[in-house]
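*Asks:* Build the 3D model from these lines:
(chains A and B)
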Amino acid sequence: MAVDLKFWTSLDALRADADRRAAAERDCFAGQRARTGPPPEPSRRDFLTLAGFGIAAAAASACSRGAVQKAIPMLSQPEELTPGVPNWYATTCGGCSAACTLLAKTRDGRPIKIEGNADSVVFGSGTCATGQATVLSLYDDARLKGPLWRGQPAAWADIDAHIAERLAAAAVAHQRVALVSKTIAGPATRRLIAEWSRRPGFEHIVYDAVSVAALREATRAAFGVDALPHYRFDAARVIVGIESDFLGTWLSPVEFTREYAMRRRPESASAMSRHVQFESGVSLTGSNADRRVVIRPSQSASVALGLLRRIASRRGEVAVPDVDESALDRQTLDAAADDLWRARGESLVVCGANDVDTQMLVHAANALLGNIGTTVDLDNVSLQKRGDDVALARLVDAMAAGRVGGLILYGVNPVYDAPAGDQFAAAMRRVPLTVSFADRLDETASHAEFVCPDHHFLEAWGDAEPVASCYSLAQPTISPLFDTRAAQDSLLLWLGRSPDFYAYLRSVWRDTLFHTQTRYTTFDEFWDHSLHDGIYAIPPRTISEKPLVADWRASAASVARSQSDAAASRDHDTYELHLYEPVAVRDGAHANNPWLQELPDPVSKVTWGNYAAIAPVDASRLGLEPGDIVALDGVGGRRIELPVHVQPGQAPKTISIALGYGRTRSGRVGDGVGVNVFALAQVAAGARRYARTGITMTRTGRRDALATTQSHHSMEGRAIVKETTLAALAEPADHRETDLPTLWAARPRGEHNWGMAIDLSACTGCSACVTACQAENNVAVVGRDEVRRGREMHWIRIDRYYSGSEDGPATLVQPMMCQHCGDAPCEPVCPVLATVHSSDGLNQQVYNRCVGTRYCENNCPYKVRRFNWFEYARNDRFDFNLNNPLGLMVLNPDVTVRSRGVMEKCSLCVQRIQAGKLEARRSGRAVDDGEIQTACQQACPADAIVFGDLADPGSRVSQLNRGRRSYHVLDELGTRPNVTYLTKVRNA
Amino acid sequence: MRAVLFLVVGVLATATAAFAARALSRVGVHQGYAPEQPIAFSHALHAGDSNIPCLYCHSGARTSRHAGIPPLNVCMNCHALLTKQTIDIEKLKEAVQRRQPVAWTKVHNLPDFVYFNHSQHVGAGVACESCHGAVRTMQRIRQDAPLTMGWCLDCHKARPPQMHLAGQPAQTAGGAHAQRPGLDCGKCHY
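*Replies:* Down below sits the predicted model:
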């Protein structure tokens, strides 16, 4: 018992102290009263303590009534529609010009999910992120609800009458009527436009927002084929890409990714390919290359010529023009040419430069290598882009001179994306009749007198022929939501025909395609089956080795001359600009799609806007940090200001900027996001160039922090992504992981043990899985500010790591989602048991139990758990697709929409697992391997994700799990994840 | 004096707590809910006297998660031919003529975070009456069962873990200590 020594100054003080202590022993509130004085009677605290709970209980019990819900059945339910059971319709994507075949999942009469059509031999079952997001663009509230005349709503009948009048007037005055359209993919619309072409004075100009006109022109000159070559990456053992993002955005990325990935697996029957990429900015494709060589954009032609010279000399060709290769890495050119030559006939050179001479050299290289007829198909050509840059320029001149009487714009937005967009707008004012079929009052449609909004492709009939002899149909998956009309219906009506494109489409297919087959004897049978399948392919023409008909030496000489001119005049204090189409928003058509704005760029991981990507050496020389705003001058009198992103691997003295941003009339979500750099694509020698020289870059001193989802690029010495070479893989080695002891008792096993295997050799990082998961699981969009705080909600993310030097790193990607750990660290720490382990191997998240302590997120070593910091639906602060009744239609009814304060994460698509099990049970059988596909697996064009039952030793996922390349991420922590990764293999 | 006060307060508090606990556990439970419907449809007449099978009208229960309220064309299958006329049949025919679907008041409501699939249960041989009660006797449809999770689990715990269909043998769930899959949280909450 300690002696309480108190110092007292007087007896009175001592006695008063004693009194106080005695009082404290009797009265528990005395101590407080001594400090603060007696409380008012009765004290609020006492009252609440006794009565508060009773009041709350009484109030709660009185509030036991919920809101009254209505159940409204249909008036007359069609036979094929059962509420709650999805219906699938085959259609064709309208998200970009590639025209991939799709299956649209509809529930209760509206599409909610996009999948690829597995029956297509061209595209397969995968899609790209943009394709996945098109289902949301259907429910975009920026879409026009009806036709407009001079900016005001008008009736179709009035508009048709006016337009007919003006067209007649233009005919009488012998004035031209021009239709500027996107590449028309399908035979029916092409035939319709051909009918228009019979009108005197009518001109059809095809305009692609991102042009590859030079490639088509070069193919015509070199081989006499007026189309794009159809590239076959699956037949290529060696691929050399020169500034070509063929896995990301160039021509047909879904098809190319599928074919490319087929040859990236060391276990596959065909030999693993080798991919060398020469590029300036780090593209998705370049980040996958076995070897990536940094060049400046102006050097693409020299690289092409350098390869051609080496190949030509091996062929014994003479009189090959010399080129100054001092600025190039001669060793890599030698090695690449060697590889190409050794694999001649099975190699492929592709180039993304929009320059005829460069493309001629590439064609010559492929021809000399004997690739024409194997990897380059000039018989079953690609019809995906047929734009003509020269024709558009001529038209603008004619419009400005007042020589055009009518202008119809179909699927194009030249005021936004043409190099001289302002000129186009000014020229439009000189045209008496301007009509746009745009679905919204976009930058160009705002200048049009009549806006006759076209349907969304999910509401419309159509057809496509992306690759010659491969046809597909598009059908409506929902009645048109608004008072829109198919562009083809409008065109038919103004031709004086019946505005029934469905009937027209059928008649074209009857006339041209029905007789190419013998399987169905009546047209209706043929039509019904084709519509059901979505695709119809006639036997392809035999691929032949078309000879080169032009002398490539002329192009070579021209290139050599221009290269030496450029070298002589090169100002070493300036930068070269490189413009590219980003994977998410593409050419800007999808700027108002929040899923795509929030999709992290596969390489930079930046969302919500574009940036100036510069090399680390340039950043350190200028003292630039990521987010510093720089001013770029020398771009034809304009000054562009953008935040900087320091990109490891970016070519020094080059700046890469993404197109597709800086829209002003796309809608609430897309307007003002990023900067429009389309105007920087100068037209030279009749083609739009996406590269410029002579740019100066200066600091402005201002900052705008980028919304990036990954700023930490190091694995910190842990083997998170494992990489090896093909040679090393051949050596025998022990790849087995040690089985760590565990404190937990063995978990009772159920019938299944769901797991996943992800092949890092096949995964390119395209991020289609990210958007597919978002669509399937009602994942919310949080906006730029929240992404800056690291609060993006994606259940699956693609982590991107760099290895090697800052200037020329190797890039590794890894899709990361909940690993469904056997000994999950998140499960024991939940105070309310909201996260538990199921009997079939899943780590489950029960939203209604979760109270939001976030301990599970803290404990997860993979950091895959996402917390709902806010109510993201029906909240004006997050005014994206979940804040309006139209956008809410995209939600998947089988997945709960999470509320504020609740944790969420990948569930391995438990709704699909349940549906699959139920289907199997209904048929009285066990679940087949591959029957249940998670959304990410289904969307992947590279077939990199495999889901299945680890309890079944014969399943594909079990076999991959036992394979020699398999490993688990952070297995040294003893989490025993059910997700396996297969080591990435490079063919260095 | 204070002791008596505390005793009384303690008894009151316990009573209040007990009352509150009971009341709070009934929040969201609507057993006995029998709202008035726009058309006074009588299950006693149709399912009882006329002996129409449940699945004739609620056909969704066979293949879908929703049993569904029958669309008006199902009603008119019979009523287009029958001559009987009552105020409610008049309302039905009026709705059909005006092409206005009937807005029924939903009786059996589960919260949004619960996933219930009718076809799974119907396919497993669970009779409609086991959850919906003696509907054949109900003049006005009411919620007969509490539809709480505990009530659902009573059945899930009692029945064997795997159901079988069409005479196929029941698949065993892997041993005596196997967790019954019917009790996984993620079966119904996702």
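
*Asks:* longest single helix anywhere in chain B?
*Replies:* Longest helix of chain B, by residue count under DSSP state H: helix B:2-25.

*Asks:* in which helix or strand would I find the residue most central in space within chain B?
*Replies:* Centroid-nearest residue in chain B: B:H108, 4.5 Å away (criterion: C-alpha atoms, centre = their mean). Following DSSP states H and E, one finds B:H108 outside all helices and strands.

*Asks:* Go ahead and confirm it touches B:L147.
*Replies:* Yes. With contacts counted by C-beta atoms under 8 Å, B:H108 reaches B:L147, the gap being 6.5 Å. Heads up, the C-betas are built off the backbone N, CA and C, glycines and all.

*Asks:* Nearest to chain B within the stretch 751-900 of chain A, name that residue for me.
*Replies:* A:Q844 (3.5 Å; C-beta to the nearest C-beta).

*Asks:* For stretch A:712-729, measure first residue to last.
*Replies:* The first and final residues of stretch A:712-729 sit 29 Å from each other (C-alpha to C-alpha, to the nearest Å).

*Asks:* Contacts for that stretch next, please.
*Replies:* By C-beta atoms under 8 Å, 6 or more residues apart in numbering or on different chains, the residues outside stretch A:712-729 that reach it are A:266, A:272, A:648, A:760, A:799-803, A:810, A:812-814, A:964-965, A:967, A:969-970, A:972, A:981, A:983-988.

*Asks:* in it, what's buried?
*Replies:* Judged by neighbour count using 16 or more other C-beta atoms under 10 Å in any protein chain shown, the buried positions of stretch A:712-729 are A:715, A:720-724, A:726, A:729.

*Asks:* And stretch A:431-438, by the same measure?
*Replies:* Buried-residue list, stretch A:431-438, by 16+ other C-beta under 10 Å: A:431, A:433-438.

*Asks:* Just the CA coordinates for it, please, in PDB.
*Replies:* Taking Å, rounded to 0.1, in the frame of the first residue of the first chain, the C-alpha atoms of stretch A:431-438 are listed here in PDB:
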ATOM      1  CA  VAL A 431     -23.100  24.500 -97.500                       C
ATOM      2  CA  PRO A 432     -26.900  25.000 -97.900                       C
ATOM      3  CA  LEU A 433     -27.900  21.600 -96.600                       C
ATOM      4  CA  THR A 434     -26.000  20.000 -93.800                       C
ATOM      5  CA  VAL A 435     -27.300  16.700 -92.200                       C
ATOM      6  CA  SER A 436     -25.700  14.700 -89.400                       C
ATOM      7  CA  PHE A 437     -26.600  11.200 -88.300                       C
ATOM      8  CA  ALA A 438     -24.700  11.700 -85.000                       C
END
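
*Asks:* quick one: contacts of that stretch?
*Replies:* A:144, A:163, A:166-167, A:169-170, A:175, A:177, A:399, A:404-411, A:413, A:428, A:444-445, A:447-454, A:487, A:490.

*Asks:* Show me where the stretch 251-400 of chain A has its strands.
*Replies:* Counting by DSSP state E, counting those that start in this stretch, the stretch 251-400 of chain A has strands at residues A:274-279, A:291-294, A:347-351, A:376-382.

*Asks:* got the contact list for the second one?
*Replies:* Contacts of strand A:291-294 from elsewhere in the structure, counted by C-beta under 8 Å, 6+ apart, are A:274-280, A:282, A:286, A:329, A:332, A:335-336, A:649-652, A:807-808, A:810, A:988.

*Asks:* from the chain's centre, how far out does the longest helix of chain B sit?
*Replies:* Helix B:2-25 sits 35 Å away from the centroid of its parent chain (C-alpha atoms, centre = their mean, to the nearest Å).

*Asks:* Just the pLDDT for A:E806.
*Replies:* Note on A:E806: pLDDT of 85.

*Asks:* Please report the distance of it from A:T709.
*Replies:* Applying C-beta to C-beta, to the nearest Å, the value for A:E806 to A:T709 is 21 Å.

*Asks:* if we can go back for a sec, mean pLDDT and mean neighbour count for the strands of the stretch 251-400 of chain A - can I get that in a markdown table?
*Replies:* Formatted as a markdown table, the strands of the stretch 251-400 of chain A follow (pLDDT from 0 to 100; neighbours: other C-beta atoms under 10 Å in any protein chain shown):
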| stretch | mean pLDDT | mean neighbour count |
| --- | --- | --- |
| strand A:274-279 | 97 | 27 |
| strand A:291-294 | 95 | 22 |
| strand A:347-351 | 98 | 28 |
| strand A:376-382 | 96 | 23 |
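
*Asks:* follow-up on the earlier one: which of the contacts of stretch A:431-438 are buried?
*Replies:* Buried among the contacts of stretch A:431-438 (16+ other C-beta under 10 Å): A:144, A:163, A:166-167, A:170, A:175, A:177, A:399, A:404-411, A:413, A:428, A:444-445, A:447-454, A:487, A:490.
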